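Peer 1: Below are the sequence and a predicted model; questions follow.
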Amino acid sequence: MDLSRPLFALDPFAADAKAEAKRLLEAGPVVPVDVIGVPVWAVSHHAVAQRIFEDPSFSMNSSNWGALQRGEVPAGWPLMKIITGQYMGTADGEEHRRLRSLVSRAFTARRVEALRPQIQRIVDDLLEQLAAAPADEATDLKTAFAVPLPMGVICELFGVPDEQHDLLHSLCHALFDTTEQPTEVTATEEALYRFMAELAASKDADPGDDLTSLLAEQRTSGSITTDELVDTLILVLTAGHQTTINFFTNAFLALMTHPEQLARARAGEVSWESVTESVLAWDSPVSQGAFRYPAQDVEIGGVLIRAGEPMMMSYASLGRDPAQHGPLAGVFDAGRATRHLSFGHGPHFCVGAPLARLEAHIALPAFFDRFDPVLAVPRGAIEPVASLALNGVRTVPALVRPRPKAVAGG
């Protein structure tokens with residue numbers, strides 16, 4: 001296979017991401033695809049992706065992307081900011097360790113556990129609001145629960161004022177819309193950069209116990225530049241907000257459309273921790289992402305990859321790879337025991353994974369202990385988010401009925 005001859009183009013509207021993931025798996029472990037006009041190698045098999053994650057010779061810095069350096073990638077390419085930003089997700093070696101160490105201070109076990117009361121408070125408030133809604137009218141669980149929970153948590157982490165939550169969410173959502181025109185992409189990137197720069201400036205004047213203040217202090221000491229600070233905040237925002245929204249919508253859909261699996265969790269046959277990992281693998285909140293560039297020609301997955309050619313992790317395929325997850329990898333099993341790569345692997349393993357898991361472990365049992373939700377429309381009528389990078393849905397319309405008191409709590 002040759003990167004200059006993509007087998008097919010990935011759909012920027014993600015109209016059927018699961019079918020596309022299946023097609024990638026069947027095409028092979030490493031497949032040349034067209035990503036919005038740019039040729040990229042898509043990695044669809046778990047073992048190959050894990051090898052790449054562990055090999056430091058695969059750079060994450062876009063300065064090693066041959067086509068980009070030759071001017072062959074359009075300036076308004078929708079994924080440009082994510083690929084070229086100056087943050088730990090696009091850094092290697094010592095530079096990666098420097099940037100990661102600054103962010104890691106906000107995600108120590110002590111700091112994450114300290115967020116438990118705030119998470120519980122947000123969950124309790126959202127459950128009360130859901131309980132007050134008419135049980136015979138459809139409620140969008142994305143708007144009512146999946147968005148405000150991680151939005152509230154990430155804004156608590158960042159120190160964002162309440163009145164700016166909606167603006168921040170809309171900017172983050174637009175950043176991942178791979179159907180936008182180049183001028184819209186540029187405008188979104190500039191607006192989000194400006195928002196974060198102004199937030200950091202406000203923390204210079206009035207610091208608090210939050211990630212933004214921590215990074216602003218490091219900028220003052222010269223440990224991090226303004227661009228690195230802003231891009232790092234954008235990385236943590238997108239990783240800790242948009243992906244977590246998708247996790248919750250995907251979890252709601254998985255459990256509502258597989259009542260036998262929900263019954264297992266309620267009965268204690270499988271833990272909610274296991275449910276969380278099973279959803280992350282079977283319906284990853286990220287569809288495609290994490291570009292890497294080999295330092296030299298390498299054969300991997302039976303394919304010759306030239307130095308500087310981009311390799312993209314197809315998370316939607318990785319979580320359904322039969323070689324890793326068994327012959328029933330495409331079937332939702334709340335007790336799936338195999339490991340997944342939805343948080344990455346190796347040095348770039350998601351620093352916010354403990355926080356995301358804590359949110360899930362608190363929110364899922366609390367929600368399903370209190371309510372018996374039923375989809376208000378057929379599953380096939382629910383539209384996906386128009387993003388090649390993210391794997392989520394636009395809405396989750398459901399009838400949210402209280403569970404009978406006699407059975408609540410299992």
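Peer 2: Received it, and whenever you're ready, just let me know what you need. Keep in mind the model is a prediction, meaning the values are calculated, not measured. Numbering: from 1, shown residues only.
Peer 1: contacts and neighbour counts: CA atoms only from here.
Peer 2: Fine.
Peer 1: List the buried residues in stretch 219-229.
Peer 2: Of all the residues in stretch 219-229, those buried under the rule 16 or more other Cα atoms under 10 Å are 219, 224-226, 228-229.
Peer 1: do stretch 263-278 as well
Peer 2: Quick answer for stretch 263-278 (16+ other Cα under 10 Å): 264-266, 270-278.
Peer 1: Tell me how many other residues surround residue 293.
Peer 2: Residues within reach of residue 293, counting by other Cα atoms under 10 Å, total 24.
Peer 1: I'd assumed residue 310 was in contact with it.
Peer 2: Yes - in this structure, residue 293 is within contact of residue 310 by Cα atoms under 8 Å, at 5.0 Å.
Peer 1: Overlap in contacts, these two.
Peer 2: Overlap of the contact sets of residue 293 and residue 310 (by Cα atoms under 8 Å, 6 or more residues apart in numbering) consists of residue 65.
Peer 1: residue ranges of the helices in the stretch 201-350 of the chain, please?
Peer 2: Here the stretch 201-350 of the chain has its helices, by DSSP state H, counting those that start in this stretch, at 211-220, 226-237, 243-256, 259-266, 272-282, 315-318, 322-325.
Peer 1: hang on, the earlier thing: now, which of the buried residues of stretch 219-229 sits nearest residue 61?
Peer 2: residue 228 (13.6 Å; Cα to Cα).
Peer 1: ok now do the closest one, which residues does it touch?
Peer 2: Residues counted as contacts of residue 228 (Cα under 8 Å, 6+ apart) are 86-87.
Peer 1: returning to that earlier point: out of the helices of the stretch 201-350 of the chain, which is the most enclosed?
Peer 2: Most buried of the helices of the stretch 201-350 of the chain, by mean neighbour count (mean count of other Cα atoms under 10 Å): helix 315-318, with a mean of 32.
Peer 1: and that helix, C-alpha only, in PDB?
Peer 2: Taking Å, rounded to 0.1, in the frame of the first residue of the first chain, the C-alpha atoms of helix 315-318 are listed here in PDB:
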ATOM      1  CA  TYR A 315      -9.800   4.600  18.500                       C
ATOM      2  CA  ALA A 316     -13.200   3.600  17.200                       C
ATOM      3  CA  SER A 317     -11.600   0.500  15.600                       C
ATOM      4  CA  LEU A 318      -9.000  -0.200  18.300                       C
END
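Peer 1: any idea how far that helix is from the chain center?
Peer 2: 12 Å (Cα atoms, centre = their mean, to the nearest Å).
Peer 1: That helix - what's its average pLDDT?
Peer 2: For helix 315-318, the mean per-residue pLDDT is 96.
Peer 1: If you count contacts, what does that helix end up packed against?
Peer 2: Judged by 3 or more Cα pairs under 8 Å, 6 or more residues apart in numbering; DSSP states H and E, the packing partners of helix 315-318 are helix 17-27, strand 288-294.
Peer 1: Try it again at 7 Å.
Peer 2: Counting contacts by 3 or more Cα pairs under 7 Å, 6 or more residues apart in numbering; DSSP states H and E, helix 315-318 is packed against helix 17-27.
Peer 1: Tell me the buried residues in the helix it packs on?
Peer 2: Burial within helix 17-27, assessed by neighbour count using 16+ other Cα under 10 Å, is assigned to 17-18, 20-22, 24-25.
Peer 1: residues in contact with that helix?
Peer 2: The contact list for helix 17-27 (Cα atoms under 7 Å, 6 or more residues apart in numbering) reads 31, 44-45, 316-317, 321.
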